Every structure is written in structure tokens, then in C-alpha cells.
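S.K.: What follows is a protein structure lacking sequence information:
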DNA sequence: GCCGTTATTATACGACTGAATAATTTCCGT
DNA sequence: ACGGAAATTATTCAGTCGTATAATAACGGC
């Protein structure tokens, strides 16, 4: 007799790809990159392992797609938060805060980010993805700083602007790292407040210039 | 007839443990934590796989020991560099520079660090190791800052000191991350110089106070 | 309502995994 | 020199890995 086979429903390519990528991220976050096996991933996505190779050339390519998804999630969240406002000062503040509050500051996000970072030196494809995102982020920071200082009446030379952007980016990254790794040491908005005060100092603004409402 | 067996030499426990840990780190850095199998590690250490379980309860425990080794290497290098000097200002400067020049800024070190970070959320043992090292590092920064401001005649409240330490630590971490991940974008001492200038701003010192010789 | 396309499942394969055990070699104390 | 403790190797084991292939169920076009 014909063996009983699992029933299933077809899905659109976009849907399946997303499901698989999401399942991949879940696995990496929960059991590490070692535990993120094709079977575990497929299982969590509600499909069987073979399907993965129908949408991706192999496991590695799926991991790359997953990395892109994580980085897009992180940068887009912050960039879009900044664009909600009109005033350069508020935009800058929003950008900083968005980078230091959920969903960016989330232990799961950090886990994923670190897992992929550790693969940058191994797989050149990952290095390229990282590079693209880093430069895009830096460009965004430069734009924010440039318009902010322009409106303030203290225009910046491109060199100064870039230098500020690098430091500012580092400060945000570092605080994000600390705050997410030791979330229990900081409460709700302590991190974002610390960031705003630090950025004021870093850009040599007057205290409160960035933090306080006018 | 008796099968030909590999000849070998006995080593002290300390030596073997170190060899195994070093081999573990080599593997993780070169092929990632997935590729760091007991056989690969043993092979690189010049022994056979079974020996690992003679010195460690299992692979996991060896990974923990390897993590401790990495973190000790990173923090001790910077802390000892600072202790070489007498004047608080020079100590602080040395500390910052040490954290942003080799061997701390090294793509291998970063790979290892990231690989372990991604396991913090998974394995509580790793979380404990991280926590210990983070607090030790923060304490060191606080001490450096405290003595520096004392000598400068502008004493700091414990609260301010801690707040400065957190930001300073974040800035250093962030620059270390950026500079190591995109080493080709920065030349020799650009990173350390940027750090010194940024720290001056962060602590609201007068420009050049930290960087320039008297 | 059937039929062809294809998304999906099922199964198999060889390689490799961490761990356990047994055999053997080394080296220290005497 | 020699015997005995133990460091190291060799081998085995039950699983799991990623991938390849073949069978099958689902769905859209007619």
C-alpha cells in the first residue's frame, strides 16, 4: 500500500523564504550557530529539511540571507525612527534613542549579531555584507550630524564630520553592546540618557542641548 | 605482531592544557566554532582526540577555559600597559592606546571574542565569565579615571565616575570593534588618536590635554 | 474535473560528530 | 634496571551532519 505522507500546503516563494530565514534566526539565537542545523531549522519552519535546498543553494547561502535580514532589521529601525521627525536636532536624538532601546537592544539581536560577526573573518561573503551595512550606517550618521550642525550655525568640515561620525558610531555600538549584554545593570532609559549626555560631550555641545526639550 | 603505534612524549598538565586551549582558539578563529571539532583541535595540538577528555570533562568545558584565556589576554594586556607608568594622565593615555593597538586590535582576537559572545545567551557558564571580565574592566577604568581627576584637582563623585567609566568603556569597545572589523579603513595610529580626542571630549577636558606631552 | 507543473516530502548516503573503552607507551621512584 | 602509575593512542559506537535523489501531493490553467 502507498505509505501515508504528510499533508502540506504550498506557499509563495517570498513567504517560504521568510519563514525559513526567521526559523534560522530563531535557531541561532536559541541554540547557537552550531545547533542551527538544517533539520532543526526546517522543523521550526514547519517543513522538512529537503525543502531548504529548494529555495537556497545550500545552508551557507541561507545563513547569508539570514545575516542580511538581521542587519537590515537593526539599521532600518534606527534610520526610520530618525526620519519620523523634521528638526535636525530631534532627528539626531531620535536616532540615538532608537539605537539604545528595544527592539535594537535585545539579547536575541545581540546573539545573532555576534554569531555572524564571528564568521566575517572566515567567509568573505559575510565580510561584504558587514561592510555594506557599516558604511550605510556611517553615512546615515554623517548626514544626521551634518544637517544638525548646519542648522545650528556651526558648520562642519567634511573631515570633522566624518571623524565625529566614527566616534559617535563607536559610542552607540559600545553602549548597545554593554547595555544589551548586561541589561540587568541598567534600567529602562538609563542607557539612552547616558548616550545623549555622552554625545553632547563628544560633539562638544552645551550640556542638555540634545536631551532637553526647548 | 604488535601494531605500530605513534610515539609520543609526556607533557606537564599545565603545558598540555595550554596547548589544547591554544589549538582550540586557532580552530575557532580559522574555521569558526562549528569547525572547531575535537579532532581538528587535537590534530592541531599534535595529539589525538581522546586526550581532550583526559584534561577536560568534555568539549564544552574546554571551550569555557578557552574563553577565559581570550578574555584574560585582552584585559590583562591593557591593564598591564597602564600600570607601567606612574603619572595618572599617562596611565590613562596608555590604557586607551593599548586597547586600540595590536595585539588587542587583531582580527583573530575579534573573531574569538564574537564567537564566545554569541554563546553567552545560550550557556550560563559563558555569561558568568563575561560578567566577571566586564566588571573587572569597568573597575579598572573607574580607578584610572578617579586617580586622574583627583590629581587634576577636579575630584569626581562616585556616580559621575561610574557614569564616565561606562561611556569611556563603550567608546573604547566601539572603536575597537569598528577599527578591527574595518582595519583597512584606518591607518596605524588613526584609531588611537581618534580615541584620545574623543575621550578628551567625553570627559570634557581641554583639547590636547590627554594627547599632548607636557 | 482532469492534467501537467512543481513545491514538498521521504529516504538514503557517506562523512563526520563527541564520547567511551581498551590497549599501549612513557617516565618516575626505587 | 625494573615495576607500576598514568598519560597518550587507537578503536569503536551511536548519532547527527549536509546533501542528493526519487516519490508524491498540491495547485493553477484549461
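M.R.: Arrived safely. Keep in mind that this is a model prediction, so the values were computed, not measured.

S.K.: interface residues of chain A facing DNA strand D?
M.R.: For chain A, the residues found near DNA strand D under the criterion C-beta under 7 Å from any atom of the strand are A:2-3, A:5, A:7-10, A:35-40, A:49-50, A:52-53, A:58-60. Any C-beta I mention is one placed from the backbone N, CA and C, and that applies to glycine too.

S.K.: redo that, cut-off 6 Å
M.R.: Listed as neighbours of DNA strand D in chain A under the rule C-beta under 6 Å from any atom of the strand: A:2, A:5, A:7-10, A:37-40, A:49-50, A:53, A:58-59.

S.K.: Next up, the contacts around residue A:129.
M.R.: A:64, A:67, A:68, A:71 (C-beta atoms under 8 Å, 6 or more residues apart in numbering or on different chains).

S.K.: ok, so of the residues you listed, who is nearest DNA strand D?
M.R.: The shortest approach to DNA strand D among the contacts of residue A:129 belongs to residue A:64, at 12.2 Å (C-beta to the nearest atom of the strand).

S.K.: Apart from its chain neighbours, what residue comes closest to the closest one?
M.R.: With C-beta to C-beta, 6 or more residues apart in numbering or on different chains as the measure, residue A:125 is the residue that lies nearest to residue A:64, at 5.3 Å, once sequence neighbours are left out.

S.K.: wait, does stretch A:171-185 make contact with chain B?
M.R.: Yes - where contact is defined by C-beta under 8 Å from any C-beta of the partner chain, part of stretch A:171-185 touches chain B, namely A:171, A:172, A:173, A:174, A:175, A:177, A:178, A:181, A:182.

S.K.: with these in mind, which one is nearest to residue B:204?
M.R.: The shortest separation between residue B:204 and any of those is 14.6 Å, and it belongs to residue A:171 (by C-beta to C-beta).

S.K.: after the helix or strand harbouring the closest one comes which helix or strand?
M.R.: Mapping residue A:171 onto the secondary structure by DSSP states H and E places it in helix A:158-181. Per DSSP H and E, helix A:158-181 leads on to helix A:190-202 as the next helix or strand towards the C-terminus.

S.K.: pLDDT averaged over that next one, what's the number?
M.R.: Confidence over helix A:190-202 (mean pLDDT, whole number) is 94.

S.K.: Now do that helix: which elements does it pack against?
M.R.: Using 3 or more C-beta pairs under 8 Å, 6 or more residues apart in numbering or on different chains; DSSP states H and E as the contact criterion, the neighbours of helix A:190-202 among helices and strands are helix A:88-99, helix A:158-181, helix B:158-181, helix B:190-202.

S.K.: so how far is the first one from its chain's centroid?
M.R.: Read it as helix A:88-99. Distance of helix A:88-99 from its chain centroid, counting by C-alpha atoms, centre = their mean, to the nearest Å, is 16 Å.

S.K.: The second one now?
M.R.: A distance of 14 Å separates the C-alpha centroid of helix A:158-181 from that of its chain, computed with C-alpha atoms, centre = their mean.

S.K.: Which of the residues of chain A next to DNA strand D scores worst on pLDDT?
M.R.: Among these, residue A:2 has the lowest pLDDT, at 52.

S.K.: Using the record's domain definitions, break chain A down for me.
M.R.: Chain A breaks down into these structural domains: A:11-56, A:64-202 (assignment by automatic domain parsing).

S.K.: For burial, what's the neighbour tally of the residue nearest to residue A:64?
M.R.: Number of residues near residue A:125 (other C-beta atoms under 10 Å in any protein chain shown) recorded here: 15.

S.K.: Spatially central residue in chain A, please.
M.R.: In chain A, the C-alpha closest to the average C-alpha coordinate belongs to residue A:74, at a distance of 2.2 Å (C-alpha atoms, centre = their mean).

S.K.: Can you tell me what sits against the one helix or strand that residue maps to?
M.R.: In this structure, residue A:74 is located in helix A:59-83 according to DSSP H and E. For helix A:59-83, the external contacting residues (C-beta under 8 Å, 6+ apart) are A:17, A:20-21, A:24-25, A:28, A:38, A:41, A:52, A:55-56, A:91-92, A:94-95, A:97-99, A:103-104, A:109, A:112-113, A:116, A:119, A:123, A:125-126, A:129-130, A:133, A:136-137, A:140, A:144.

S.K.: out of everything not next to it in sequence, what's closest to the one residue in chain A that gets nearest to DNA strand C?
M.R.: Of all residues in chain A, residue A:50 sits closest to DNA strand C, at 2.8 Å by C-beta to the nearest atom of the strand. Residue nearest to residue A:50 in three dimensions, not counting chain neighbours: residue A:42, with 7.9 Å by C-beta to C-beta, 6+ apart.

S.K.: now the helices and strands packed on helix A:190-202 as TSV including mean neighbour count and distance to DNA strand C?
M.R.: What follows is those, written out as TSV (neighbours: other C-beta atoms under 10 Å in any protein chain shown; distance: least, C-beta to the nearest atom of the strand, whole Å):
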stretch	mean neighbour count	distance to DNA strand C
helix A:88-99	21	35
helix A:158-181	21	26
helix B:158-181	21	27
helix B:190-202	21	36
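
S.K.: Those: which one's closest to residue A:203?
M.R.: Judged by C-beta to C-beta, the one of these that comes nearest to residue A:203 is helix A:158-181, at 6.2 Å.

S.K.: pLDDT of the closest one, averaged?
M.R.: Looking at helix A:158-181 alone, the average pLDDT works out to 96.

S.K.: could you give the angle of the longest helix seen in chain A to helix A:158-181?
M.R.: Once chain A is assigned using DSSP state H, the helix that runs over the most residues is helix A:124-152. Our comparison of helix A:124-152 with helix A:158-181, counting by axes from the mean of the first three to the mean of the last three C-alpha atoms, to 10 degrees, yields an angle of 120 degrees.

S.K.: Can you mark which positions in helix A:124-152 are buried?
M.R.: Taking 16 or more other C-beta atoms under 10 Å in any protein chain shown as the neighbour-count basis, helix A:124-152 is seen to contain the buried residues A:126, A:129-130, A:133-134, A:137-138, A:140-146, A:148-149.

S.K.: how about the helices and strands packed on helix A:190-202 in JSON lines, adding distance to residue A:196?
M.R.: Formatted as JSON lines, these follow (distance: least, C-beta to C-beta, whole Å):
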{"stretch": "helix A:88-99", "distance to residue A:196": "6"}
{"stretch": "helix A:158-181", "distance to residue A:196": "11"}
{"stretch": "helix B:158-181", "distance to residue A:196": "11"}
{"stretch": "helix B:190-202", "distance to residue A:196": "13"}
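
S.K.: quick one: low-confidence parts of chain A?
M.R.: Within chain A, the set of residues satisfying pLDDT under 70 comprises A:1-3, A:213-214.

S.K.: interface residues of it facing DNA strand C?
M.R.: Contact residues (C-beta under 6 Å from any atom of the strand) of chain A with DNA strand C: A:3, A:5, A:6, A:8, A:10, A:11, A:16, A:47, A:48, A:50, A:51, A:54.
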